[in-house]
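> Sequence plus the predicted model coming up.
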Amino acid sequence: EPYDFLFDTAVEAYYKGDWLSVILNMEKALRNKATVRGVKTRCQLSCANHSAFGEPLDGVGVPVPGAGSVDDLGFFQKILKRADCVTACEAEQLGSPNLHKVSEEVELEFKKRSPYNYLQVAYFKLHKLDKAVAAANTFFLANPDHTEMRQNLEYYRRMAGVHEADFKDLEARTHMSEFLLGKSSYSDDAFVAAAEHFEAAVDEYFKADQECRALCEGAYNYDGYNYMEYSADLFQSVTDHYMQILNCKQRCAVDLASTAGRNKPFEDFLPSHFNYLQFSYYNSEKLEQAIECAKTFLLFHPEDEVMKQNLAYYSAVLGDDAARAISPRQEVKRYIQQSLLEKELLYFGYEAFGITFVDPDTWTPEEVMPKKLRDKQKADRKTAARITEEIESLMKEIETLVEEKKKDSSDMTKMIVPPEGGAPLYDNITVTMTSSQLNGSQRVLLDGVITDDECRELHSLSNAAALKGDGYRGPSPHSPSETFQGVTVLKAVKLGQEGKVPLNSARLFLDLSQKVRKALESYFLLEAPLYFSYSHLVCRSAIEEKQDDRKDLSHSVHVDNCLLVSELNECVKEPPAYTHRDYSAILYLNDDFEGGDFIFTELDAKTVTAEVRPRCGRVVGFGAGKENPHGVRAVTRGQRCAVALWFTLDPAHEDKERIQAEDLLKMFSTPVKAEFSGTEVRDAAEPQGGAAEPPPGGQGTAENRPDDAASTQKPDTHADKGAVTPTAKAKTKPVSKKAKDGDQTKAKTGNNVKAAAKKQTVKPQSKQGDKKNTKAAGKTAKAVAKKDSNKAADPTSASDSANGRDEL
Ligand SMILES: O=C(O)CCC(=O)C(=O)O
Ligand SMILES: [Fe+2]
């Protein structure tokens, strides 16, 4: 059973309070996801042995396509065989190739460990306390800003029957847990145990690396690919794909060095294992191994002075001849060779085709990067430093100005009312209500913006797109009593090109949203142009059997560019809110449904100040800021469709997807109608197209999860916030304090060492006292926990928290 299906079933069960079913389905979803991954890895790996490419270069198996045509055929014959092998292998074990293909939304849910959020509540309700604690902890590690889960964990911590060992990380990866155990033994000076853990970590690292690299050979992400480049010839497109694979393989080093809850990967991760190992072995009186590991570390950093000194010391103690006979680890040598070859190819791709490559490793010898690139990077760095300086000084100036302005405006008794009332620009458009008629500011209600035919066409576009499976369709992120489907402009155009929806409808979608943009610009008398920041065509449908006793809204009250804290009558303009949004407009397409009225409220999210009944051709336009909290009443029957548009005054935040969609349309069809088409000249879309920003208010399944306060986060912007920032300098050189207090070292390592130590002046050096720091930090953490514990509450569940708070 596909895991996205199981995930949805579990979420549905969650809303019904069927906890057993939540557990059964969510556990199965996690298991099946792991199985799919396992099969894919094994298939790639077994097929690699099945037919190796060409003659290996330098003995590391890098493909060398033949130069002549017969060789080419031989090369491609192997590729075909390999493709056949992988496809057959996966099909045999997983069934049809599309069955386990899941949407990005679901992928993201698993990445954010959301299943454990649901499981936590379900386990708790069924009194499986140890499992609830483990699930809560697993979720929290990946979501350290999640307030409710933090409270839950504090609550669990003080519950009878809960043990420290229950706070597991169910998603922990062995190489990382061994590494962390190693580090903790190491800082406790338990060097024998430390060495064991670090050895296990190295073993597991290479296994995980092999897996990660094998999976890179999976599906190629064509999304966001510029169709212009698509006409590339065979070798160019093979190169593009291959470069993506190599880039992915290089990124495995970052992936493996990352762990939930740390917002930065460990620096110099793999090499550091051998740094820790050499010192642990030295302190366990295992000099051969210490030498082997020091030499292995030096493969990465041949010029590392401290390690060279340590090696000299160990060698003197053991005897130089014996030391010379010890080689560094072959496995690591091979790893470095392979990685360096990959880097060389990637840099070649960078120079020759402009395919960006950012080296994730710190140990790469300088000369691997071509000189031209090196010089360019140096120059770029200088420019960047200068720009940063300029920006900082500008920011300071702005801050001062803002402060002064604040003082001025707080003196004024009345706020300035922004101007409005310009002509909406098109003949058929009428202004039905102004800000004052809508009891607020920066609000307008327009009618006649589009015709009945146009409404019908866009309405069918949404349904056709959703039916074809490419427009997002699924449970509503806002209400369990509705389903939700959406299609963006780019999706619509792509579907148009594939012949799945009429291309004209996709064009209409683009054109009409331009019309709304211009009408708004003109009505609000804006001096600067509005840029699209995000657009989508959205339908909300009532689920007939889920309408009894319904009290929720279809879309709870929120503000489009800040986080509404209705309890405080405040709106916080900070990420994860889409703070760059300046204006919003909803273009309605129909009225044959029940409920679904749009409401404006006060900042308390309760007091309704104006209400709008959707109907074809009607637009509600408003400033996206705190003056305009709004929501949508429950849709209790039928389907409500609208085009939701968000605009920004900042060109830097212009929607890249729309530009791409417009370019595509221009390329693939006859010229676009003149009056309100996007005729502005723009730069061509970038090849990889900056990722589109996710829909506002966390569309997609992202919001379906239980404790929802943080779920509107954009993963990228928010990930860094509030998490414990590891200090960049914390990189511990495992040459140690032990050795610094030389006498202790001698005592520990025995007579042999003592004697030799006399000969050798420089002794292994010292890691800095990171143990002390840890202890101090531990103390503060405990103190805080105690203080907080007075007011901890019951573990929050979906309904508990949803009732108590508004959607942020
Ligand atoms: O559909 C509507 O009427 C409003 C939707 C909305 O406010 C939003 O998606 O942010
Ligand atoms: Fe909104």
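Arrived safely, thanks for sending. Ligands and ions are numbered 1, 2, ... in the order given.
> shouldn't residue 611 be in contact with residue 599?
Yes: contact between residue 611 and residue 599 holds when scored by CB atoms under 8 Å: they sit 5.2 Å apart. All C-beta atoms are positioned from the backbone trio N, CA, C, and that covers glycine.
> For the residue nearest to residue 439 when sequence neighbours are not counted, give its distance to residue 554.
Distance criterion CB to CB, 6 or more residues apart in numbering; nearest residue to residue 439, sequence neighbours excluded, is residue 609 at 4.3 Å. According to CB to CB, to the nearest Å, residue 609 stands 19 Å off from residue 554.
> who's in contact with the residue of the stretch 301-450 of the chain found nearest ligand 1?
Nearest to ligand 1 in the stretch 301-450 of the chain, going by CB to the nearest ligand atom, is residue 445, at a distance of 11.9 Å. Applying CB atoms under 8 Å, 6 or more residues apart in numbering, one finds that residue 445 lies in contact with 431-433, 437-438, 612, 618-621.
> possible to save the residues you listed as a markdown table with neighbour count, pLDDT and secondary structure?
Formatted as a markdown table, the contacts of residue 445 follow (neighbours: other CB atoms under 10 Å; pLDDT from 0 to 100; DSSP: H, G, I helix; E, B strand; the rest coil):
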| residue | neighbour count | pLDDT | secondary structure |
| --- | --- | --- | --- |
| 431 | 17 | 93 | strand |
| 432 | 16 | 94 | strand |
| 433 | 16 | 94 | strand |
| 437 | 13 | 93 | coil |
| 438 | 21 | 95 | coil |
| 612 | 21 | 96 | strand |
| 618 | 23 | 97 | coil |
| 619 | 27 | 97 | strand |
| 620 | 24 | 97 | strand |
| 621 | 25 | 97 | strand |
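> Next, count neighbours for residue 358.
A total of 10 residues lie near residue 358 under the criterion other CB atoms under 10 Å.
> quick one: it is in a strand?
No: counting by DSSP: H, G, I helix; E, B strand; the rest coil, one finds residue 358 to be coil, located in no strand.
> about what we covered before: surely the residue nearest to residue 439 is within a strand?
Yes: counting by three-state DSSP, residue 609 is located in a strand.
> need the contact list for it.
438-440, 600-602.
> circling back to that earlier point, could you check which of residue 611 and residue 599 has the larger neighbour count?
The neighbour count for residue 611 versus residue 599, taken as other CB under 10 Å, is higher for residue 599 (17 against 12).
> what separates the more buried one from residue 554, distance-wise?
As judged by CB to CB, residue 599 and residue 554 stand 11 Å apart.
> shared neighbours, these two?
631-633.
> Tabulate these (CSV), appending pLDDT, neighbour count and secondary structure.
Shown next, in CSV, are the shared contacts of residue 599 and residue 554 (pLDDT from 0 to 100; neighbours: other CB atoms under 10 Å; DSSP: H, G, I helix; E, B strand; the rest coil):
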residue, pLDDT, neighbour count, secondary structure
631, 96, 21, strand
632, 96, 24, strand
633, 96, 17, coil
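> longest helix of this structure?
Criterion DSSP state H: the longest helix present in the chain is helix 371-411.
> Please compute how far that helix lies from its chain's middle.
27 Å (CA atoms, centre = their mean, to the nearest Å).
> Please renumber the chain so that the first residue is 18 from this point on.
Happy to do that; since the first residue is 18 now, the last one works out to helix 388-428.
> what helices or strands is that helix leaning on?
For helix 388-428, the packing partners by 3 or more CB pairs under 8 Å, 6 or more residues apart in numbering; DSSP states H and E come out as helix 347-370.
> can you give me the strands for the stretch 468-617 of the chain?
489-492, 499-505, 548-559, 572-575, 580-582, 587-589, 600-605, 611-612, 615-618 (DSSP state E, counting those that start in this stretch).
> Residue 658: which of those is closest?
strand 548-559 (4.2 Å; CB to CB).
> Residue 481 and residue 301, how far apart?
From residue 481 to residue 301 the distance is 68 Å (CB to CB).
> actually residue 388, not the one I typed
In terms of CB to CB, residue 388 sits 45 Å off from residue 301.
> buried set for the helix or strand harbouring residue 50?
Element membership of residue 50 [criterion: DSSP states H and E] is helix 36-67. Using 16 or more other CB atoms under 10 Å as the test for burial, helix 36-67 gives 36, 38-47, 49-50, 53, 56-58, 60-61, 64-65.
> Now do it, average pLDDT.
The average pLDDT for helix 36-67 rounds to 87.
> In terms of secondary structure, what does that helix contact?
helix 20-33, helix 86-111, helix 131-142, helix 208-233.
> can you give me the angle that helix makes with helix 208-233?
Per axes from the mean of the first three to the mean of the last three CA atoms, to 10 degrees, the angle that helix 36-67 makes with helix 208-233 is 80 degrees.
> what's the angle between helix 36-67 and helix 86-111?
Using the same axes, to 10 degrees: helix 36-67 against helix 86-111 is 150 degrees.
> Distance from helix 36-67 to the middle of the chain?
21 Å.
> Stretch 573-585 too?
24 Å.
> and that stretch, which residues are buried?
573-581, 583.
> Double-check that residue 281 belongs to a strand.
No: counting by three-state DSSP, residue 281 is not part of a strand but coil.
> Please report the number of neighbouring residues for it.
Residue 281, neighbours per other CB under 10 Å, totals 13.
> got the phi/psi numbers for it?
phi -130, psi 140 (degrees, to the nearest 10).
> quick one, phi/psi of the residue of the stretch 18-167 of the chain at minimum distance from ligand 1?
Per CB to the nearest ligand atom, residue 122 is where the stretch 18-167 of the chain lies closest to ligand 1, at 16.2 Å. Residue 122 adopts backbone torsions of phi -60, psi -50, taken as degrees, to the nearest 10.
> how close does it sit to residue 473?
Counting by CB to CB, the gap from residue 122 to residue 473 is 29 Å.
> Enumerate the residues of the chain near ligand 1.
When proximity is defined as CB under 6 Å from any ligand atom, the chain approaches ligand 1 at 572, 577, 603, 615, 647, 649, 659, 661, 713-714.
> what residue ranges in the stretch 268-417 of the chain score low on pLDDT?
278 (pLDDT under 70).
> so which strand or helix has the closest residue to residue 215 other than its chain neighbours?
With sequence-adjacent residues excluded and distances taken as CB to CB, 6+ apart, residue 215 is closest to residue 199, at 4.1 Å. For residue 199, the host element (DSSP H and E) is helix 191-204.
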